[in-house]
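Chemist: Just the structure for this:
(2 chains)
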There are 2 protein chains.
Amino acid sequence: MGSLGSDNIAELETNGSAFPLNPLEPEEFRRQGHLVIDFLADYYQNIHKYPVRSQVEPGYLKKILPESAPNQPESIETILSDITDHIILGITHWQSPNYFAYFPSSGSTAGFLGEMLSTGFNAVCFNWMSSPAATELEMIVTDWLGKLLALPEKFLFSGGGGGVLQGTTCEAILCTLTAARDRVLNKIGKDQISRLVVYGSDQTHCALQKAAQIAGIHPANFRAVTTFKSDMFGLNPEELQKVVSADVAAGLVPLYLCPTVGTTSSTAVDQLPGLCSVAAEHGMWVHVDAAYAGSACICPEFRHYIDGVEGATSFSFNAHKWFFTNLDCCCLWVQEPQALVNALSTNPEYLRNKATESQKVVDYKDWQIALSRRFRAMKLWMVMRSYGVANLRNFLRGHVRMAKLFEGLVSSDKRFEIVVPRNFAMVCFWLNPKKDRTGSGLDRVNELNRRLLEEVNSSGRMYMTHAVIGGEYVIRFAVGATLTEEKHVRCAWKAVREHAEALLGEHKRLQ
Amino acid sequence: MGSLGSDNIAELETNGSAFPLNPLEPEEFRRQGHLVIDFLADYYQNIHKYPVRSQVEPGYLKKILPESAPNQPESIETILSDITDHIILGITHWQSPNYFAYFPSSGSTAGFLGEMLSTGFNAVCFNWMSSPAATELEMIVTDWLGKLLALPEKFLFSGGGGGVLQGTTCEAILCTLTAARDRVLNKIGKDQISRLVVYGSDQTHCALQKAAQIAGIHPANFRAVTTFKSDMFGLNPEELQKVVSADVAAGLVPLYLCPTVGTTSSTAVDQLPGLCSVAAEHGMWVHVDAAYAGSACICPEFRHYIDGVEGATSFSFNAHKWFFTNLDCCCLWVQEPQALVNALSTNPEYLRNKATESQKVVDYKDWQIALSRRFRAMKLWMVMRSYGVANLRNFLRGHVRMAKLFEGLVSSDKRFEIVVPRNFAMVCFWLNPKKDRTGSGLDRVNELNRRLLEEVNSSGRMYMTHAVIGGEYVIRFAVGATLTEEKHVRCAWKAVREHAEALLGEHKRLQ
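Modeler: Next up is the predicted model:
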């Protein structure tokens, strides 16, 4: 039964206390911890020197690393030197000031330190008892943040709702969708799952479709309602109404609507009030996904983008996107926590405890997919305290200001165009010297921009990504990396222009 | 459209570069980082002084903290002082050497530093392109670890399978269950979901039931097959066969079996070979959950506990439980990655890239629930390299040795009993001076142990938790906190005995 041979015990007893060190011996922890802090501080000092998008080829690392784990220990110095030599060139530097791809992940010192503390305490915070401070701080910071966003009282603990920190928006959507699903199935019967319909737009993040797949929604019942350029690719309530009515007429049950504030492709904003009205008519759960743009709504001048959120059932945004909180931290607020608990709770004997039975505490394990959970509130608390609300607003405004600067630079060059209006800190543009918009002209422009983007990214000078909106291949320039300053934006524009000129010159020579 | 008033711009420009500092300014990062390393090293130095289980009352923190986020920044010194004064007393100290509750989470310096590096790079590693090193290192370390466990070649990348790092076992089960579900529904029709049945035992972790709920399995189709003391609470293949046959006769479709190696209540081991045979007859997906005990199987003398894993479809264990890797890190291996990808992939235009299209890379977003993912491979790599396989084995053996020591101490006191045989580093015992086993005698013993446990935990000297196995309320003594040494185990036994004697004395006085 797994007993130790006497040889093993002898070995342990001989080497026991002196060697190897306990793997959490405090003074060795301190020594190595300081080394890694210096390593990372140096990394940030030099980060602008690295190609932003990694330039390695698939399989590069397998050629370098051994095929098996080492039998004997290696020093932290050796490992850090391997990171410098082999890992860093395989990293796409999301913290580079020249990173403008996807939506940036705006790390910060406070976000990093919050994660360190959470990782250092290493508490597994599934219920209140497992670490009361983790649960209570999470309730406090989600209320703090809810107030900053001027969320309706019903989403705060003080108003009968509440907030929870999840890993990602995907999880937030899956949890709320599961809650919505079970709420309806409890009424119409558990075997009616194939009648439930989920709605987003053709601009909604793929997280919605994936959550619907996982939650067992029939694939034929996922609706990506078409959006139009005339609506700036926001979901139009009338279009939604048409689709919903057809489903109802076909005997299906509208379940869940996920409007977006700040879509991934173009930061489009779905019009919440009209959409919530349509959803309300049919008793649908409305989850507002403000993954990227939610942060901006702590600034009074941007708050209007979530006007109408009072008609929603839940709301989420990613603090790890644009709120200076290192990955991962998705903030979710729900109007009716009990709906989550009904769908997601489990109460095995081995987790029973007096605090839970007193019903005076929140057990967050019942608000999420996993049982185990990290002490994520620590980093959000540190971010809000270390910077303060006034600075956080100004940081966000600084990013918006830099995006406006880039937008101005693009607009001043007649060979380029802004493709959709800018809402936040992301600019969608393309190179289109002849203003082609249709047929083979459009194909050529799309190809031109595909090449332009690839050449800029391959240069390593900066990193941007693309979207296809209404058939047009646009380049997305997203400001949000914490270290980005105005000079980086100006350099980025210079790089774009230089590569464009080289491409256009080549085209001319070929003609 | 979210434009800045000229006042805001003026404010930014005035304060701009000097104050506030950029939130990722390297020298300030360095200064604060060193402070927090010292804070945590001091915490580990003093951790044995804190009550292990937090002694606060529900709502304690709300009374202390302000109702809103601060408008102005606060210094790291202030925040750390608040953590000392207000947070630490609300933490249940999972890293305490006197922590013996649930399954401990064995953090380590290497695990912590790995998380620091991952958090510092702060890359969002959803696909290969987003940080090639993160994907490639994950493939390498899961192969390393798979080899250490002597997993069948079919679970390694070299054998056509592959490993992935998830957050928790709950996620690993949900992902594999979704893959299994869709594989079957693709054959029998998407509207047949209500016919699918999921199997575990009455000892299986609640993660299975939760995953089944989320994946839309009909609640009536979740089977917790009864286990028996005569099987040491392991799932008996014959019992499974009976239940499965009845389901098949009723027109249901057996889908997914989750045997456990090392159950939460008592570290029972389900007998894989027989269970896999039953599952194979019915084409079921077999996921082996070795969340806790998987780590031990890197020691040759424990490897036999997963004999038969070659009959399984997937296998997982939590490196954050007993493999010195800070939370969170669940290692999942699958025989057929394509089944995960078929169920979980999404391919929106904005994520398209040349590497993905080359089909030469793995995009781990399609192996898990969420799109975003942390660079978790870093910490597992650092743990394996920093300690080396020989030491890792000895650390685990040391924990087993200490559990054996405790077992011996309990056995030497006739008032106590070992309730189920010890398999790994967890001892299930109770105080039962009169050897009561039935009727009101059993009730009294159960109540006695409930009180004993509560009094020990309330003392703050140590922390254990309980389980109810076969109607018996047992105390679980789980060795696994990294800092635990033999002296802590001896002290723990002393504490248990003292509290037991006080309780028994009180009983006598009352009689």
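Chemist: Low-confidence regions, the stretch 1-150 of chain A specifically.
Modeler: A:1-20 (pLDDT under 70).
Chemist: ok, 50 please
Modeler: Along the stretch 1-150 of chain A, segments meeting pLDDT under 50 span A:1-18.
Chemist: Helices of that one, residue ranges please.
Modeler: Taking DSSP state H, counting those that start in this stretch, the helices of the stretch 1-150 of chain A run over residues A:6-15, A:26-46, A:76-82, A:109-121, A:132-148.
Chemist: Please enumerate the strands of the stretch 151-300 of chain A.
Modeler: A:162-166, A:196-201, A:222-225, A:253-257, A:285-289 (DSSP state E, counting those that start in this stretch).
Chemist: related to what we said a few turns ago, dump the helices of the stretch 1-150 of chain A to TSV, plus mean neighbour count and distance to B:V468.
Modeler: Backbone N, C-alpha and C define where each C-beta goes, glycine included. Output for the helices of the stretch 1-150 of chain A, formatted as TSV (neighbours: other C-beta atoms under 10 Å in any protein chain shown; distance: least, C-beta to C-beta, whole Å):
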stretch	mean neighbour count	distance to B:V468
helix A:6-15	12	33
helix A:26-46	18	38
helix A:76-82	16	45
helix A:109-121	27	29
helix A:132-148	24	24
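Chemist: In a markdown table: those helices, plus distance to B:I91.
Modeler: Below are the helices of the stretch 1-150 of chain A laid out as a markdown table (distance: least, C-beta to C-beta, whole Å):
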| stretch | distance to B:I91 |
| --- | --- |
| helix A:6-15 | 31 |
| helix A:26-46 | 17 |
| helix A:76-82 | 27 |
| helix A:109-121 | 6 |
| helix A:132-148 | 5 |
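Chemist: so which of these comes closest to A:L208?
Modeler: helix A:132-148 (22.5 Å; C-beta to C-beta).
Chemist: Help me see whether that closest one makes contact with chain B, please.
Modeler: Yes - applying C-beta under 8 Å from any C-beta of the partner chain, one finds helix A:132-148 in contact with chain B at A:132-134, A:136-137, A:139-141, A:143-145, A:147-148.
Chemist: ok, which stretches of the stretch 351-500 of chain A are helices?
Modeler: A:354-358, A:377-411, A:439-459, A:486-510.
Chemist: likewise the stretch 151-300 of chain A?
Modeler: Under DSSP H, counting those that start in this stretch, the stretch 151-300 of chain A gives helices at A:169-188, A:206-214, A:237-249, A:272-281.
Chemist: Columns mean pLDDT and mean neighbour count on top of these, output as a markdown table?
Modeler: Converted to a markdown table, those look like this (pLDDT from 0 to 100; neighbours: other C-beta atoms under 10 Å in any protein chain shown):
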| stretch | mean pLDDT | mean neighbour count |
| --- | --- | --- |
| helix A:169-188 | 98 | 24 |
| helix A:206-214 | 97 | 25 |
| helix A:237-249 | 98 | 16 |
| helix A:272-281 | 98 | 20 |
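Chemist: mind giving me CSV with those and columns for distance to chain B?
Modeler: Shown next, in CSV, are the helices of the stretch 151-300 of chain A (distance: least, C-beta to the nearest C-beta, whole Å):
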stretch, distance to chain B
helix A:169-188, 4
helix A:206-214, 4
helix A:237-249, 16
helix A:272-281, 16
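Chemist: give me the beta-bridge partners of the residue nearest to A:Y102 when sequence neighbours are not counted?
Modeler: Setting aside the residues directly before and after it, A:Y102 is nearest to A:T465 in space (C-beta to C-beta, 6 or more residues apart in numbering or on different chains), at 5.4 Å. Under DSSP bridges, the beta-bridge partners of A:T465 are A:R476.
Chemist: My guess is A:T465 contacts A:A101. True?
Modeler: Yes - counting by C-beta atoms under 8 Å, A:A101 is a contact partner of A:T465 at 4.3 Å.
Chemist: Of the two, which one has the most company?
Modeler: Neighbour totals were compared for A:T465 and A:A101, and A:A101 leads with 26 against 22 (other C-beta atoms under 10 Å in any protein chain shown).
Chemist: And the more buried one, how close does it get to chain B?
Modeler: 9 Å (C-beta to the nearest C-beta, to the nearest Å).
Chemist: who's in contact with A:K154?
Modeler: The contact partners of A:K154, by C-beta atoms under 8 Å, 6 or more residues apart in numbering or on different chains, come to A:160-161, A:310, A:335.
Chemist: Can you name the residue of the stretch 151-300 of chain A nearest chain B?
Modeler: Residue nearest to chain B within the stretch 151-300 of chain A: A:G216 (2.2 Å; C-beta to the nearest C-beta).
Chemist: Neighbours of the residue nearest to that residue when sequence neighbours are not counted, how many?
Modeler: Nearest residue to A:G216 in three dimensions, chain neighbours excluded: B:G216, at 2.2 Å (C-beta to C-beta, 6+ apart). Neighbour count of B:G216, defined by other C-beta under 10 Å: 24.
Chemist: just checking, B:G216 touches A:R181?
Modeler: Yes - with contact defined as C-beta under 8 Å, B:G216 and A:R181 form a contacting pair (7.4 Å).
Chemist: so what sits against both of those two?
Modeler: A:193, A:215-217.
Chemist: show me the contacts for the closest residue in space to A:H218 that isn't next to it in sequence.
Modeler: Spatial nearest neighbour of A:H218, excluding adjacent residues (C-beta to C-beta, 6+ apart): A:S194 at 4.7 Å. Applying C-beta under 8 Å, 6+ apart, we find A:S194 in contact with A:218, A:221, B:190-191, B:193.
Chemist: low pLDDT regions in the stretch 301-450 of chain A?
Modeler: If you take pLDDT under 50 as the line, the stretch 301-450 of chain A has no such spans.
Chemist: Need the pLDDT of the residue nearest to A:H218.
Modeler: Reading off the confidence values, A:S194 has pLDDT 95.
Chemist: neighbours of the residue lying closest to A:C330 once chain neighbours are set aside, just the number please.
Modeler: Closest residue in space to A:C330, ignoring its immediate chain neighbours: A:Q166 at 4.5 Å, by C-beta to C-beta, 6+ apart. A count of nearby residues for A:Q166, using other C-beta under 10 Å, gives 26.
Chemist: I'd say A:Q166 and A:L332 touch.
Modeler: Yes - A:Q166 lies in contact with A:L332 (C-beta under 8 Å); the separation is 5.5 Å.
Chemist: can you list residues touching both of these two?
Modeler: A:172, A:175, A:316.
Chemist: Now distance to A:D363 too, for the residues you listed, in JSON lines please.
Modeler: Formatted as JSON lines, those follow (distance: C-beta to C-beta, whole Å):
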{"residue": "A:A172", "distance to A:D363": "18"}
{"residue": "A:C175", "distance to A:D363": "14"}
{"residue": "A:S316", "distance to A:D363": "20"}
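Chemist: gap between the residue nearest to A:Y102 and A:T226?
Modeler: 23 Å (C-beta to C-beta, to the nearest Å).
Chemist: Surely A:Q203 and A:T267 touch.
Modeler: No - with contact defined as C-beta under 8 Å, A:Q203 does not count as touching A:T267 (9.9 Å).
Chemist: Just list the residues touching the closest residue to chain B within the stretch 401-511 of chain A, thanks.
Modeler: Nearest to chain B in the stretch 401-511 of chain A, going by C-beta to the nearest C-beta, is A:T482, at a distance of 4.2 Å. Contacts here follow C-beta under 8 Å, 6+ apart; on that basis A:T482 touches A:95, A:106-108, A:324, A:395, B:22-24.
Chemist: can you rerun that using 7 Å?
Modeler: For A:T482, the contact set (C-beta atoms under 7 Å, 6 or more residues apart in numbering or on different chains) comprises A:95, A:106-108, A:324, B:22-24.
Chemist: Please see if stretch A:363-376 touches chain B.
Modeler: Yes - against chain B, stretch A:363-376 shows contacts by C-beta under 7 Å from any C-beta of the partner chain at A:369-372, A:374.
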